[in-house]
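K.L.:
Provided below are the primary sequence and the corresponding predicted coordinates.
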Amino acid sequence: MNQGPLIFLGVFLAMALSWYGMVVVPHAQLGRLQEANVPPANARYPTLKSGLAQQGREVYRANGCNYCHTQQVRAEAKYDVVLANAGTNKTELVKVILDLNAGLSAEAASKLADAAPAPLARGLRETAAADLARKFEELKKIGAPEAKVDVVVRYSGPDIQRGWGRRHSVAQDYLYERPVMLGNVRVGPDLANIGARQPDAATQLLHLYNPQISAKGSTMPPYPFLFETRQVIAKPSPDALKLPGEFGPPAGYEVVPKPEARALVAYLLSLQTDASLFESPLPLPPKKSGAEAATNQPPAAAEATSQSAAVPAFAHK
Amino acid sequence: MGMMKVQRQAPESISSSAAPVSPVEINRSCCLPVTLLFAASIGWLLVAGVLGLISAIKLHSAAFLSQAAWLTYGRVFPAYLNVLLYGFAVQAALGIALWVLARLSRAELKGSLAATFAGLFWNIGVFFGVAGILAGDSTGYLWLEMPRYATPLLFFSYAVIGLSAAITFHSRRERQLYVSQWYLVAALFWFPWIYSTAQLALVYFPARGVVQAVVAGWFAHNIFTVWLSSIALAALFYFLPKILNRPLHSHELGMFGFWALAFFGCWGGLQLGGPTPSWLGSVSVAAGVMTLIPVLAVAINWRRTLLTGDRKLAPNPVLSFFKFGAVCYVVASLIAIAGLVQAPVELSAQHKDMSETIQLTFAFLSRLMGGISEVAEFTHYASGVAFLFLYGFFAFVALGSIYYIVPKLTLCDWPSAPLLRLHFWSGAAGVVLLVAPLVLGGVRQGAALNNADLPFLETVRGTIPFLGTSTLGLLLLFVGNVSLAVNLARLLARCRCLECCGLAKDPGTGRAPVTVAANL
């Protein structure tokens, strides 16, 4: 029996299926992704990087920073449904609350209505939260039209706690990246948001010149070849690195960043995923006080996450 | 005696239409291209050893060789991976494929000279590709770093070699097909497809945004799980019965395993929870778990083949290479799957439509794996799996094949048996010392990363003893590979292979290849 054609056809089918499913379909699904309008003021996101930052991406690629650093924040989104405004008809509102949550005692429901803004439900998935909000809208029509709920997102997970970002990364964030360097090992911290975390170019340059300066025991390699050590002629250059004694060049010499180092830092500073997207909204910033602000105020837990997201840069030191 | 063994051992019954070509003729037709591919692949294996050691040392001693740009970790490491994959693995795999295919087809290798030249050009391509990575021209995609001026050379060299294999297969004298041929034909056909797709979608007409990551992940998964696996499995299916001198346990089980790999193996390479579409992650995980089926199918088949029949076998060092490789295949697949399966809660919540049986399977498996996946991501765990696959499974099978095939091609025995044994033992110890710390250290690293109270530098410090141990493993592997290179150099220096390839007249030294005949 000649099974040659059989193998060939079978293998062709198996492979074509995988090729279609894992290459063609994703391409059709995402290949035409466009810039999105993001709040506030309908800004476009993402925007093209500046020329210098684009050169910096080439430096990042050429020197393989992506073999130690990821550029993707992982987080689990949880949704709270918050009673933002109790309106005027409290008895009706209590009824609505009891309708939505049969497990609640009348007393607890009444307390909740008094406490607004207060969470009706916490930690839901996106669809469940939206369902609940929709149901509330329907029920309240009868007797408590002014009552209002908000759906508030918060994120959890170690990446958020480490301050690596405020939301999880999504496809939109990489629209103009080429190459896309998501990375798959975290020898070093995630850099998706390093521009927001450490916006100071001088600090970044020092760290690149020798990570031991700011992170003793770091396994990140130094990048002396991105800098030039040269003799000081007449007066020191304003660009020269301010190196602590033991890392400094010999007397009469100074260390200045080469154009590659500047470009790389421009790229690092451009790494910020701070737009609030439909598929990955930013949690609301914690507002301290004020009656108006209170309508948008997220529950206490969200406040906690937002605050831990503001952990100071280079916090691991 | 050798001849007889070959005849009886051909794992399928003889039902040829045309008269089969004698093994001696076939070996002669393969001699030049296959010896070249093997010798060059071993050369690159040594280069990979050096680059691998440099990058491994850098990972725990950052200041080591940090002055020059071309020696920075982010260049040496991808150069290392590419030398290992394209210089050693793909090249050795091509050599094995040509020889096994010709032998099973009972036909001479067609286009042998063209394949030889293509082999030369392949090596030129690898050289420029690796030099390009070191010069900073990497493309930035894992396992596909070679720059665009090197890859067309690789592609066309491959095409010529693949064509030579295809014509050989087409003109086979033996109509009955054996499992190994299925694997080989599938693999030979799959590489140009995935490689050209990856090159076009990443380098020549780059896809938008994360589609690049999808394509690169798909390629990386396929080149290992389908391509390299297929060739090594073909070799195992060919050599295990042959060396043991008994038939394969079950031909049907072999075919079942083949189809299961063809249909489940090519879906994969993406993670759940990343910025790529989440359905791709779920498909990858599901298919990844399903590859358990082909892995178990081949494992059972080999085990039965090994355990039936005459147990009194003279210890055979070459057989040890195949056995070790087979065990590593199963272990690597299991650890890879353990790293994939996520907690059932998350899965079920994300995919309400997923059928209940699949969910239950996931639940069972993830309990079995003890939630490794939750900590394995973004750690050295994945490199541990990749190295176990490459060094433990693929390299051991490929090196075993080289030990088996080269004497037949060159009509010369391996000059030193102790070196061969040294290779096995230091290689096997090297694999264990390299992989175990990466996998265990990876789990520890992941737990540390997930504990946000731990300062980041602590997660780095915790990995250092593990990385140090795995550097020792690489050193042992290097020692083993050097002993092979020495053995091969001595063999080539004293063999009369130019003559046996038909390139030179018998110089009349009068030294007949006696040992070879006894060894065939």
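P.N.:
That came through fine. Numbers count the residues shown, from 1 in each chain, chains lettered A, B, ... in the order given.

K.L.:
residues contacting B:L492?
P.N.:
By CB atoms under 8 Å, 6 or more residues apart in numbering or on different chains, the contact set of B:L492 is B:T35, B:A39, B:T410. Where C-beta positions appear, they are placed from N, C-alpha and C, glycine not excepted.

K.L.:
angles on the backbone of it, please.
P.N.:
Main-chain dihedrals, B:L492, degrees, to the nearest 10: phi -70, psi -40.

K.L.:
read off the pLDDT value for it.
P.N.:
The score at B:L492 is 90. That number is its pLDDT.

K.L.:
which outside residues touch stretch A:205-220?
P.N.:
With CB under 8 Å, 6+ apart as the criterion, stretch A:205-220 contacts A:68, A:187-188, A:203, A:221-224, A:226-227, A:241-244, A:247, A:255, A:257, A:261, A:264-265, A:314, A:316-317, B:59-60, B:62, B:457, B:460-461, B:464.

K.L.:
not counting sequence-adjacent ones, nearest residue to B:R208?
P.N.:
Counting by CB to CB, 6 or more residues apart in numbering or on different chains, B:R208 lies nearest to A:G31, which is 5.1 Å off, once chain neighbours are set aside.

K.L.:
was I right about B:A107 contacting B:T168?
P.N.:
Yes. In this structure, B:A107 is within contact of B:T168 by CB atoms under 8 Å, at 5.8 Å.

K.L.:
so where's the chain shaky on pLDDT?
P.N.:
All of this is about chain A. A:1-2, A:285-317 (pLDDT under 70).

K.L.:
you looked at the wrong chain, it should be chain B
P.N.:
For chain B, the stretches flagged by pLDDT under 70 are B:1-18, B:309-313, B:341-371, B:496-520.

K.L.:
just the element for whichever residue of it sits closest to chain A, please.
P.N.:
Of all residues in chain B, the one sitting closest to chain A is B:G74 (2.1 Å; CB to the nearest CB). According to DSSP states H and E, B:G74 maps onto helix B:73-82.

K.L.:
what ranges do the strands span in the stretch 101-250 of chain B?
P.N.:
With DSSP state E, counting those that start in this stretch, there are no strands along the stretch 101-250 of chain B.

K.L.:
actually the stretch 201-317 of chain A, not the one I wrote
P.N.:
Using DSSP E, counting those that start in this stretch, the strands of the stretch 201-317 of chain A run over A:227-231, A:253-257.

K.L.:
can you tell me the closest non-neighbouring residue to whichever residue of the stretch 1-150 of chain A sits closest to chain B?
P.N.:
Using CB to the nearest CB, the single residue of the stretch 1-150 of chain A nearest to chain B is A:G64, 2.1 Å away. Distance criterion CB to CB, 6+ apart; nearest residue to A:G64, sequence neighbours excluded, is B:G74 at 2.1 Å.

K.L.:
correct me if wrong: the one you found contacts A:C65.
P.N.:
Yes. Contact criterion CB under 8 Å: B:G74 and A:C65 qualify, at 5.8 Å.

K.L.:
after the helix or strand where A:E138 lies, heading C-terminal, what element do we hit next?
P.N.:
Using DSSP H and E, A:E138 falls within helix A:126-143. Later in the chain than helix A:126-143, the nearest helix or strand by DSSP H and E is strand A:148-156.

K.L.:
quick one: strands adjacent to that following strand?
P.N.:
strand A:76-85 (antiparallel) (DSSP bridges).

K.L.:
same for whichever helix or strand comes after the strand it pairs with, what does it pack against?
P.N.:
Counting by DSSP H and E, the next helix or strand C-terminal to strand A:76-85 is helix A:90-100. Helices and strands touching helix A:90-100, by 3 or more CB pairs under 8 Å, 6 or more residues apart in numbering or on different chains; DSSP states H and E, are helix A:106-115, helix A:126-143.

K.L.:
now the following helix or strand past the shortest one: buried residues?
P.N.:
For helix A:106-115, the succeeding helix or strand toward the C-terminus, using DSSP H and E, is strand A:118-124. Residues of strand A:118-124 classed as buried under the neighbour-count rule (16 or more other CB atoms under 10 Å in any protein chain shown) are A:P119, A:L120, A:A121, A:R122, A:L124.

K.L.:
return the closest of those residues with respect to A:V94.
P.N.:
Within the buried residues of strand A:118-124, the smallest distance to A:V94 is 12.2 Å, found for A:L120 (CB to CB).

K.L.:
and the closest one, how far is that from A:P281?
P.N.:
When distance is defined by CB to CB, to the nearest Å, A:L120 is 19 Å away from A:P281.

K.L.:
could you do B:F128 as well?
P.N.:
According to CB to CB, B:F128 stands 47 Å off from A:P281.

K.L.:
same check, this time on B:S426
P.N.:
From B:S426 to A:P281 the distance is 56 Å (CB to CB).

K.L.:
over to B:C328?
P.N.:
Taken as CB to CB, the span from B:C328 to A:P281 is 46 Å.

K.L.:
who has more neighbours out of these two?
P.N.:
More crowded of B:C328 and A:P281, by other CB atoms under 10 Å in any protein chain shown: B:C328, with 25 against 19.

K.L.:
give me the element the more buried one is part of.
P.N.:
With DSSP H and E as the criterion, B:C328 is inside helix B:317-340.

K.L.:
is any residue of that helix near chain A?
P.N.:
No. If you take CB under 8 Å from any CB of the partner chain as the test, helix B:317-340 misses chain A, and the best it gets is 11.7 Å.

K.L.:
elements contacting that helix?
P.N.:
helix B:229-244, helix B:278-290, helix B:292-307, helix B:356-369, helix B:372-376, helix B:381-387, helix B:396-410, helix B:417-450.

K.L.:
redo those as a markdown table? Include mean neighbour count.
P.N.:
Shown next, in a markdown table, are the helices and strands packed on helix B:317-340 (neighbours: other CB atoms under 10 Å in any protein chain shown):
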| stretch | mean neighbour count |
| --- | --- |
| helix B:229-244 | 25 |
| helix B:278-290 | 20 |
| helix B:292-307 | 18 |
| helix B:356-369 | 15 |
| helix B:372-376 | 21 |
| helix B:381-387 | 23 |
| helix B:396-410 | 25 |
| helix B:417-450 | 20 |
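
K.L.:
mind checking the end-to-end distance for stretch A:196-212?
P.N.:
End-to-end distance of stretch A:196-212 (CA to CA, to the nearest Å): 22 Å.

K.L.:
that one: which residues count as buried?
P.N.:
Neighbour-count burial for stretch A:196-212 [16+ other CB under 10 Å]: A:A196, A:R197, A:Q198, A:Q204, A:L205, A:L206, A:H207, A:L208, A:Y209, A:N210, A:P211, A:Q212.
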